[in-house]
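Q: Let me see the structure of the following:
(one chain, ligands or ions: 2)
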Amino acid sequence: MGEVDPAFVQDPEHRPKLWVNEAEGIPLINLSAIKSEDDPEAIEEVVREIGSACKEWGFFQVINHGVPLEIHQKVEAEARKFFGLPLEEKTKVRRDEWSALGYYDTELTKNVRDWKQVFDFAVDVPTFVPASPDPDDNNLMQWTNQWPQYPPQFREACEEYSREVEKLSLKIMELIAQSLGLGANRFSGYFKEQTSFIRLNHYPPCPSPQLALGMGRHKDSGALTVVAQDDVGGLEVKRKSDGEWIRVKPIPNAFVINVGDNIQVWSNDKYESVEHRVMVNSEKERFSIPFFLNPAHYTVVEPLQELIANEQNPPKFRPYNWGKFITHRKLSSSKKLNVENIQIYQFKIHE
Ligand SMILES: O=C(O)CCC(=O)C(=O)O
Ligand SMILES: [Fe+2]
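A: Ligands and ions are numbered 1, 2, ... in the order given. Predicted structure coming up:
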């Protein structure tokens, strides 16, 4: 067994088990009913399934989702080419102090380095975010995409994929709204000037998969995440019922969907954002592509009025500003901090 740099080594209680049961139970939802829109009963059934998946798991997979397979295959092929380039080529589009997006291979999750390389790009151009996490600083800055010259089709494949998955993610938000008893478009306004971004993840083979993780345990901080994973496997979810780490089985042409922190707050804890992590292995590289659906930077995230209107369900969170939250997070994923990074429980109202 090889060795890895101590920066990648997880504390013993967070190291993965190399042999785990593959999940039986993470719901698999067939979305074919939403295409035709002429069968209200079938749509209602999908809404019910999504509601119970969000409540019981915070995770589910979808098939017959309407994203053309070729578009997904093309972006994956371009990602493989990009990560296969020499480091000096990739670092031409490296994320740095001025640009939060691009290529990056030194990300930290909870202060431990992840065994991965990423390429991030914003879905909307321009995307505005606060210039700093300081609540008194009203300056904004723009996230700019840094496109590499090679491979030549990379940008086009990324942009095409982004448009398709954006549609799917907004559709799923509609179904989630309905599952909460709200109008389908209840959340739509938050995403008009979205801060959504897409990440291409490359997890190279790792000599010590029992010590390191491709990505350490975390919750996604935005609204919703739509992940395409290849057939290697490694994504693990902390099961709500017993806290066990459960593997998310790769299913061809399916997307893995998970609830982010924003939905947890909007739904006043009805749908929780669940911890997950990524295992690596010593033989195979793995690719995944999460789409992080995030609201506009000025969104004040708080429990929805309609859901807290009665005395049995008082608000469980204080309002917070999304843009400040995300700029705070971005800083902590590149620097080692002595304090824990920002989390939604810091806005929790204790009864
Ligand atoms: O690689 C994966 O399957 C998921 C990655 C992930 O959880 C993330 O990037 O937030
Ligand atoms: Fe994640």
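Q: how about low-confidence regions in the chain?
A: In the predicted model of the chain, residues 1-2, 19-24, 332-340, 351 satisfy pLDDT under 70.
Q: Against His218, how distant is the spatially most central residue of it?
A: With the centre of the chain defined as its mean C-alpha position, the nearest residue by C-alpha atoms, centre = their mean is Thr225, 3.9 Å away. Between Thr225 and His218 the distance is 11 Å, computed by C-beta to C-beta, to the nearest Å. Any C-beta I mention is one placed from the backbone N, CA and C, and that applies to glycine too.
Q: Would you tell me which residues of the chain are close to ligand 1?
A: Residues of the chain lying near ligand 1 by C-beta under 6 Å from any ligand atom: 199, 201, 215, 220, 227, 229, 235, 276, 278, 288, 290.
Q: Please state the backbone phi and psi of the residue nearest to the second one when sequence neighbours are not counted?
A: This points to Asn201. In this structure, Asn201 finds its nearest non-sequential neighbour in Ser288, 4.6 Å apart by C-beta to C-beta, 6 or more residues apart in numbering. The phi/psi pair for Ser288 (degrees, to the nearest 10) reads phi -150, psi 160.
Q: ok, now Ile257?
A: Backbone phi and psi, for Ile257 under degrees, to the nearest 10, turn out to be phi -120, psi 130.
Q: residues near it, how many?
A: If you count neighbours by other C-beta atoms under 10 Å, Ile257 ends up with 26.
Q: Verify the stated contact: it with Leu224.
A: Yes - with contact defined as C-beta atoms under 8 Å, Ile257 and Leu224 form a contacting pair (6.7 Å).
Q: joint contacts of those two?
A: Listed as contacting both Ile257 and Leu224 by C-beta atoms under 8 Å, 6 or more residues apart in numbering are Ile172.
Q: then the helix or strand Phe82 falls within to CSV, C-alphas only?
A: Taking DSSP states H and E as the criterion, the element that holds Phe82 is helix 69-83. Extracted C-alpha coordinates of helix 69-83, given in CSV (Å, rounded to 0.1, in the frame of the first residue of the first chain):
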residue,chain,number,x,y,z
LEU,A,69,-27.6,11.4,-23.3
GLU,A,70,-25.2,12.7,-26.1
ILE,A,71,-24.9,16.0,-24.3
HIS,A,72,-23.9,14.3,-21.1
GLN,A,73,-21.5,12.0,-22.9
LYS,A,74,-19.9,14.9,-24.7
VAL,A,75,-19.2,16.9,-21.6
GLU,A,76,-17.8,13.8,-19.9
ALA,A,77,-15.5,13.1,-22.8
GLU,A,78,-14.3,16.7,-22.9
ALA,A,79,-13.7,16.6,-19.1
ARG,A,80,-11.5,13.5,-19.5
LYS,A,81,-9.5,15.3,-22.2
PHE,A,82,-9.0,18.4,-20.1
PHE,A,83,-7.9,16.6,-16.9
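Q: when you give positions from now on, start the count at 442
A: Okay, residue one is now 442; in that scheme the one you just asked about reads as helix 510-524.
Q: And it, what does it pack against?
A: strand 558-563, helix 595-620, strand 638-644, strand 727-734 (3 or more C-beta pairs under 8 Å, 6 or more residues apart in numbering; DSSP states H and E).
Q: For these, give me CSV that also has mean neighbour count.
A: Formatted as CSV, the entries for the helices and strands packed on helix 510-524 read as follows, by neighbours: other C-beta atoms under 10 Å:
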stretch, mean neighbour count
strand 558-563, 22
helix 595-620, 20
strand 638-644, 23
strand 727-734, 24
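Q: could I get these as JSON lines with distance to Glu529?
A: Written out in JSON lines, the entries for these read as follows (distance: least, C-beta to C-beta, whole Å):
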{"stretch": "strand 558-563", "distance to Glu529": "14"}
{"stretch": "helix 595-620", "distance to Glu529": "17"}
{"stretch": "strand 638-644", "distance to Glu529": "17"}
{"stretch": "strand 727-734", "distance to Glu529": "22"}
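Q: These: which one's closest to Val487?
A: The closest of the helices and strands packed on helix 510-524 to Val487 is helix 595-620. By C-beta to C-beta, the value is 6.4 Å.
Q: tell me the angle that closest one makes with strand 727-734.
A: Using axes from the mean of the first three to the mean of the last three C-alpha atoms, to 10 degrees, one finds that helix 595-620 and strand 727-734 are set 60 degrees apart in direction.
Q: Could you tell me how far helix 595-620 lies from the centre of the chain?
A: 13 Å (C-alpha atoms, centre = their mean, to the nearest Å).
Q: next one: stretch 487-497
A: Centroid separation for stretch 487-497 versus its chain: 19 Å, with C-alpha atoms, centre = their mean.
Q: His738 versus Asp565, what's the distance?
A: Taking C-beta to C-beta as the criterion, Asp565 is separated from His738 by 11 Å.
Q: Then Thr666?
A: Here Thr666 is placed at a distance of 18 Å from His738 (C-beta to C-beta).
Q: now swap in Asp575 and tell me
A: From Asp575 to His738 the distance is 14 Å (C-beta to C-beta).
Q: hey, where'd the helices end up in the chain?
A: Listed in chain order, the helices of the chain (DSSP state H) span 473-477, 481-497, 510-524, 528-531, 595-620, 702-707, 763-773.
Q: and the second one with helix 595-620, angle?
A: Relative orientation of helix 481-497 with respect to helix 595-620: 100 degrees, computed using the same axes, to 10 degrees.
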